[in-house]
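>>> Need coordinates for the following:
(4 chains, ligands or ions: 6)
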Amino acid sequence: MSKHSLTVNIAGLELKNPVMTASGTFGYGEEYADFLDLNRLGAVVVKGLSRQPKEGNPVPRIVETPAGMLNAIGLQNIGVKRFIAEKMPFLRGFDTRVICNFFGDSVGEYVEVAGMLSATDGVHALEMNVSCPNKQAGWCVFGTDPKVLGEVVSSVRKVCTVPLIVKLSPNVTSISQMARVAEDAGADAVSLINTITGMAVDIKTRRPVLANRIGGLSGPAIKPVAVRMVWEVFNAVKIPIIGMGGIFTAEDALEFLIAGARGVAVGTANFVNPSATVDIIDGLHRFLDAENINDINDLIGSLHRS
Amino acid sequence: MSKHSLTVNIAGLELKNPVMTASGTFGYGEEYADFLDLNRLGAVVVKGLSRQPKEGNPVPRIVETPAGMLNAIGLQNIGVKRFIAEKMPFLRGFDTRVICNFFGDSVGEYVEVAGMLSATDGVHALEMNVSCPNKQAGWCVFGTDPKVLGEVVSSVRKVCTVPLIVKLSPNVTSISQMARVAEDAGADAVSLINTITGMAVDIKTRRPVLANRIGGLSGPAIKPVAVRMVWEVFNAVKIPIIGMGGIFTAEDALEFLIAGARGVAVGTANFVNPSATVDIIDGLHRFLDAENINDINDLIGSLHRS
Amino acid sequence: MSRHFAASVVEHHDVNAGFRLLTLSPDTPALPPEPGQFYMLQANTTFDPLLKRPFSFFSAADNTISFLYRIRGKGTRALAALDTGAKLSVIGPLGNAYPLPEGDYIAVAGGIGIASLYSLLGAVPGRALLFWGARNRNELLMPERIEPLVKTVVMTTDDGSVGEQALVSVPVKRFLADHAHLPVYACGSTPMMKAVADVCAEAGARCFVSLETYMACGVGACLGCVVKIRTQEHPQGTFRSVCKDGPVFDASAVIWEGAGE
Amino acid sequence: MSRHFAASVVEHHDVNAGFRLLTLSPDTPALPPEPGQFYMLQANTTFDPLLKRPFSFFSAADNTISFLYRIRGKGTRALAALDTGAKLSVIGPLGNAYPLPEGDYIAVAGGIGIASLYSLLGAVPGRALLFWGARNRNELLMPERIEPLVKTVVMTTDDGSVGEQALVSVPVKRFLADHAHLPVYACGSTPMMKAVADVCAEAGARCFVSLETYMACGVGACLGCVVKIRTQEHPQGTFRSVCKDGPVFDASAVIWEGAGE
Ligand SMILES: Cc1cc2nc3c(=O)[nH]c(=O)nc-3n(C[C@H](O)[C@H](O)[C@H](O)COP(=O)(O)OP(=O)(O)OC[C@H]3O[C@@H](n4cnc5c(N)ncnc54)[C@H](O)[C@@H]3O)c2cc1C
Ligand SMILES: Cc1cc2nc3c(=O)[nH]c(=O)nc-3n(C[C@H](O)[C@H](O)[C@H](O)COP(=O)(O)OP(=O)(O)OC[C@H]3O[C@@H](n4cnc5c(N)ncnc54)[C@H](O)[C@@H]3O)c2cc1C
Ligand SMILES: Cc1cc2nc3c(=O)[nH]c(=O)nc-3n(C[C@H](O)[C@H](O)[C@H](O)COP(=O)(O)O)c2cc1C
Ligand SMILES: Cc1cc2nc3c(=O)[nH]c(=O)nc-3n(C[C@H](O)[C@H](O)[C@H](O)COP(=O)(O)O)c2cc1C
Ligand code: FES
Ligand code: FES
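Ligands and ions are numbered 1, 2, ... in the order given. Below is the predicted model:
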């Protein structure tokens, strides 16, 4: 198990392995500290942070769907200040990378939060969630309009002193176009996919099951869409990709790595199997052993083109 | 079971019930004639037709995914002439509506095929599949560029003498925008969703599982996305909607009807349960009975907005 | 000792129609639960159903944990099909526990809510004045195991098949007129618990409720299971996780949004 | 009589490690199958695995159908877990059949391919010259039931544990030198069938192969299972459904694309 290397480098940040947690599915890390050794992870990506604490949406917020789930948490979080004061000291105690997911409802808020987080000791990279409603432009979402995306990324890039990962929304006609916009605006990496917008109807009450009506679909159901988008983006940009969407096993993670992801994030799987991340790391070791591959980087983007 | 009515009217076409088959999952009807009484169906929607017979893609063409499947059949079909000569006589023998799904690789081909089909006795409506590559505009797909979509729909509308249904691709940023474009260009109805583009990777060979690399995701996995899109489109256009995507049971069909679909199409479910369509019709009857609803139209679009 | 373990079915049988008692033996040493805590269980290894389901433990012995459950949807159907010897994946014990009463107390169970209260009845035996409501006789589960643990029991059913035909909160309200000094512990459907909380508030009795919401993770990570709770900092209420901050809450702090449904 | 029915497991047991024999009884009258036909089976009622899986029938009696299968992935694992009395959903019989030989014939089985050929051996007993290849002894399934049905049998294994250590096409090729007038029926992995088809073509022997591709519907509706077949109209080949136009094809018409994999 020790001959080969799982180390990957994402935009200058070295990770002991490509496996990280997906934002919003691992709390602030401490929720799962009992269940696995956080030191084993390539990185911990925390729940999305905003300038002010956010209460989130009314309940019901989640519902299971075939091989997936819809969530409309509404980005509930304790706010960047409490996060830095109350959660970072704990996270700094681990030998892993800490990546802070964040969002805003205006370009100004994005910039402000990015500034605060990237100035925080122990924060190794930022992940910008652009799948949230844009207050300035009404109903539109930062991540679905190329012009707006370019603006917010380049504004954040100016203040961000650590690697900046832009997390792309899959709810677009061309994910590769959005990835190129992010790259051109200065993103150091992209992560994809965020959830796909969906809805479930309670046929008895004739109401949407979720109080928020619509929610984001995650889990194994979306994996084929996510793998396809990673492959498309891999062919469109030079910056590294972090892939996610329905990764439950090492085999799932390998699909993403082979399709071009340099890192993989595990989301919904944590809920079902709290040790999913470490099981995946163990499985990657076994696969490299079995296939006689010395360096996981030899696998990344190795999908045959014929 | 007889008190209430399941009759729906889609763009002037009366259907004895809202349940139809999804194109490409029911062959030309005869493949399933052994398994169920076609007379019971609201409509039979046949495999997509083109001017010339089409061989389709190399194999493998299908692969199962969690609660779904990817297909890259490549629109294999016997061509519109053989269809009219060899398959229509059989279909005319049933008391159901026959809806012909068709496509082209140029506006000219769309127009030509639509003209031939709508002039055919027993063809009650046409369904335009716009999710296919556009030879004139290179890689772009008819169904993802609003301008191209408007052009092809209005050209077809001029020659089509029966109700024209435009089948929308879900691989777009705004499905309601595309629906409005179709409506403005003269579509009498829209159907949605076609499959979501996805990919699966064989980690041993490091090749895409499908020979065509990418394929279309269908089945229960995509149902939440489909329901959401039907609801969005219901709020955006006045023309009727035919909903589909992962409908396996009457409960699934009811989600779509309540969200605004006036018809529902059953696709992948036929493969698993050849009598899925009639089971769903029976289930709709039972639901109306149990809920004391006399007319299924009272259910359509009845989703509460609070 | 990890709170995530594999377990084997050692016993599994019907109690009444639609209700089963499942006894598991953890394959590796597990933490002992406290009354009111719960576990996330999953019978299947495929992706449908995808999520684990939360169940209060009914009883726990040296190396076994039992669950009393109602077959409801596909998760519980998959559970119900498990034979002796079958393996399943478990997370727990999770959540907080009932604060143990010091003397006599009032326990209010609605239907399958008895599953959660049973461990409290066993931990403080002979002190509970149990008010036990259900839809019908079939849902009053295992009286032979419950009655020996309580001081008195009052039953109600919706159909009058056993005891008074009333909501269980009706006799509780009558009883509280003279016994508002006793703490109340309630577990049942959300409307039932709200009704009990209301009569307790009126009577000025301390009331603890064990809430039920839809859960994904069970450990406070997804924020899917929240409920609005009044705190000093947030007198208008703030979201708390039922899985981590609960499931037991002081009823006076709960804001019963949409609880009428 | 519908080709879509529910059936109950009447017997189910291991044959060799990783191989099981499943016997079903249709709950409603079902059509009798012909040698070479297959059924689509599904053990689970959830959406994972989603699709039914194709299996040749192994044998059929008055009111039972048997299947000999290898546990491979999640569909066959779900199948393998079925107990006696369990229900499953079935479509069939499907596809064409082996054209019955008039006299002696050569049967070539590779591994689990014996499952499909067994019904032919039984339909035309005592006339088959069986060439039977497998990876190892464990995969030569139920010789005690097969040997009484054939005239002669030649075994090969990849590991030499039984018979010649060779691909089964090697002894077939030797034998055809003197027996090219006999028709050949082959079922096994795609590379094995291609090899047999090649030696038959060289020797000028008529050869039928029962192909295996990934299937969704089993009835010719999805066009997922196609294979390229030469026809008079399409000498370069045209796609035919393995489920409906096959699974049995004249080997000389098959275009073995990607068959090396
Ligand atoms: C802390 C806690 C302890 C519990 N203890 C027990 C117990 O000891 N015994 C017992 O029988 N049940 C208990 N439950 C309820 C149990 O978790 C659900 O019955 C179970 O999840 C249903 O799963 P299913 O797949 O069978 O139903 P599903 O198919 O998921 O759903 C069937 C119906 O039940 C509703 N539903 C499902 N889960 C919940 C939920 N968590 N909250 C509200 N509505 C829901 C669905 O919306 C749907 O209408 C407990 C729940 C919680 C939160
Ligand atoms: C006409 C026909 C008759 C068959 N008869 C038998 C039989 O009698 N006994 C028997 O054991 N098997 C038979 N098979 C093969 C059987 O259908 C597969 O083994 C089964 O579908 C595997 O399902 P799974 O869910 O266990 O595997 P999966 O998890 O679906 O797949 C496991 C692996 O097998 C491959 N695979 C799965 N299905 C197929 C397929 N149809 N073609 C090629 N590769 C596939 C997958 O790509 C994957 O690599 C037959 C197949 C066909 C088409
Ligand atoms: C309950 C839940 C909460 C989430 N919260 C966030 C979030 O705060 N920020 C974000 O960028 N993504 C969030 N996501 C999206 C995930 O990080 C991930 O992109 C998505 O779930 C797909 O991965 P999966 O299928 O492995 O879950 C959330 C997902 C879930 C299920
Ligand atoms: C094998 C297969 C072939 C299909 N062929 C077509 C087609 O020819 N034309 C078309 O418009 N849609 C086609 N579709 C899409 C379906 O009609 C339907 O829109 C989609 O599968 C979603 O529904 P479902 O989840 O119920 O299958 C095909 C789908 C499948 C699975
Ligand atoms: S279930 Fe995830 S936070 Fe409670
Ligand atoms: S499996 Fe559908 S056409 Fe053969």
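>>> Helix or strand: which one has the residue most central in space within chain C?
In chain C, the residue lying closest to the centroid (Cα atoms, centre = their mean) is residue C:116, at 3.1 Å. Element membership for residue C:116, per DSSP states H and E: helix C:114-123.
>>> Mind exporting the C-alpha coordinates of that helix to CSV?
As requested, the backbone C-alpha atoms of helix C:114-123 are provided in CSV (Å, rounded to 0.1, in the frame of the first residue of the first chain):
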residue,chain,number,x,y,z
ILE,C,114,-44.0,4.1,22.7
ALA,C,115,-40.9,2.8,21.1
SER,C,116,-38.9,5.8,22.2
LEU,C,117,-40.5,6.1,25.7
TYR,C,118,-40.1,2.4,26.5
SER,C,119,-36.4,2.9,27.4
LEU,C,120,-37.3,5.7,29.7
LEU,C,121,-40.0,3.6,31.4
GLY,C,122,-37.4,0.9,31.9
ALA,C,123,-34.7,3.4,33.2
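>>> other SSEs contacting the helix or strand just after that helix?
Counting by DSSP H and E, the element after helix C:114-123 in chain order, helix or strand, is strand C:128-134. The contact analysis (3 or more Cβ pairs under 8 Å, 6 or more residues apart in numbering or on different chains; DSSP states H and E) places strand C:128-134 against strand C:105-110, helix C:114-123, strand C:150-157, helix C:169-179. C-betas here are computed from N, CA, C, even on glycine.
>>> what about strand C:128-134, near ligand 1?
No - using Cβ under 6 Å from any ligand atom, strand C:128-134 stays clear of ligand 1, with a minimum separation of 12.9 Å.
>>> what sits against the residue nearest to the centre of chain C?
Shown in contact with residue C:116 (Cβ atoms under 8 Å, 6 or more residues apart in numbering or on different chains): C:36, C:38, C:56, C:187, C:210, C:247.
>>> Which residues of the stretch 151-261 of chain C lie near ligand 3?
By the rule Cβ under 6 Å from any ligand atom, the part of the stretch 151-261 of chain C lying against ligand 3 is C:222, C:224.
>>> 5 Å instead?
residue C:222 (Cβ under 5 Å from any ligand atom).
>>> Strands of the stretch 151-261 of chain C, start to end?
In the stretch 151-261 of chain C, the strands defined using DSSP state E, counting those that start in this stretch lie at C:164-165, C:184-187, C:207-210, C:226-229, C:238-241, C:248-250, C:254-255.
>>> that's a helix at residue C:138, yeah?
Yes - assessed with DSSP: H, G, I helix; E, B strand; the rest coil, residue C:138 lies in a helix.
>>> unless I'm mixing things up, it is touching residue C:16, no?
Yes - between residue C:138 and residue C:16 a contact is recorded at 4.8 Å, counting by Cβ atoms under 8 Å.
>>> Enumerate every residue touching the residue in the stretch 51-200 of chain A that chain B sits nearest to.
Nearest residue of the stretch 51-200 of chain A to chain B, counting by Cβ to the nearest Cβ: residue A:198, 3.0 Å away. Neighbour list for residue A:198: A:65, A:70, A:214-217, B:224-225, B:227-228 [criterion: Cβ under 8 Å, 6+ apart].
>>> Out of the residues you listed, which comes closest to residue D:123?
residue A:65 (47.5 Å; Cβ to Cβ).
>>> I figured that closest one was touching residue A:222, is that so?
No - with contact defined as Cβ under 8 Å, residue A:65 and residue A:222 do not form a contacting pair (10.2 Å).
>>> Compare these two (neighbour count), which wins?
Taking residue A:65 and residue A:222 together and counting by other Cβ atoms under 10 Å in any protein chain shown, residue A:222 has the greater number of neighbours (34 against 28).
>>> So is stretch C:74-81 next to chain B?
No - Stretch C:74-81 stays clear of chain B (Cβ under 8 Å from any Cβ of the partner chain), getting no nearer than 12.2 Å.
>>> which residue sits closest to residue A:220 in space, ignoring its chain neighbours?
Nearest non-adjacent residue to residue A:220, counting by Cβ to Cβ, 6 or more residues apart in numbering or on different chains: residue B:66, 3.5 Å away.
>>> Next: residue C:250.
Residue C:250 sits nearest to residue C:208 (Cβ to Cβ, 6+ apart), 6.2 Å away.
>>> By residue count, what's the longest helix in the chain?
Looking at chain A here, since you left the chain open. helix A:276-291 (DSSP state H).
>>> think we crossed wires, I meant chain C
Longest helix in chain C, counting residues (DSSP H): helix C:190-203.
>>> can you pull the contacts of the most far-flung residue of chain C relative to its centre?
Computed with Cα atoms, centre = their mean, the maximum C-alpha offset from the centroid of chain C is found at residue C:233, amounting to 28.4 Å. The contact partners of residue C:233, by Cβ under 8 Å, 6+ apart, come to none.
>>> Residue 212 - how many residues pack around it?
By default, I'm working from chain A. Neighbours of residue A:212 under the rule other Cβ under 10 Å: 18.
>>> Switch to chain C, please.
Using other Cβ under 10 Å, residue C:212 has 22 neighbouring residues.
>>> Quick check: the gap between the closest residue to it other than its chain neighbours and ligand 1.
Using Cβ to Cβ, 6+ apart and skipping the chain neighbours, the partner closest in space to residue C:212 is residue C:190 (6.7 Å). Between residue C:190 and ligand 1 the computed distance is 8 Å (Cβ to the nearest ligand atom, to the nearest Å).
>>> does residue C:190 really touch residue C:211, like I thought?
Yes - contact criterion Cβ under 8 Å: residue C:190 and residue C:211 qualify, at 7.3 Å.
>>> Look at these two and report which has more neighbours.
The neighbour count for residue C:190 versus residue C:211, taken as other Cβ under 10 Å, is higher for residue C:211 (23 against 19).
>>> mind listing what that one touches?
C:190, C:193, C:227, C:242, C:246-249, C:254.
>>> Counting neighbours, what do you get for residue A:229?
28.
>>> dump the residue contacts of it.
With Cβ under 8 Å, 6+ apart, residue A:229 has these contacts: A:168, A:170, A:175, A:192-193, A:245.
>>> So which of those sit within strands?
Mapping the contacts of residue A:229 onto strands (DSSP state E) picks out residue A:192.
>>> which one of the contacts of residue A:229 is nearest ligand 3?
residue A:245 (4.6 Å; Cβ to the nearest ligand atom).
>>> Check whether the closest one really touches residue A:225, as I assumed.
Yes - look at residue A:245 against residue A:225 with Cβ under 8 Å: they come within range, at 6.8 Å.
>>> Which one's more surrounded, the two?
residue A:245 (32 against 29).
>>> Quick one: residues contacting the more buried one.
A:170, A:192-193, A:218, A:222-223, A:225-227, A:229, A:267.
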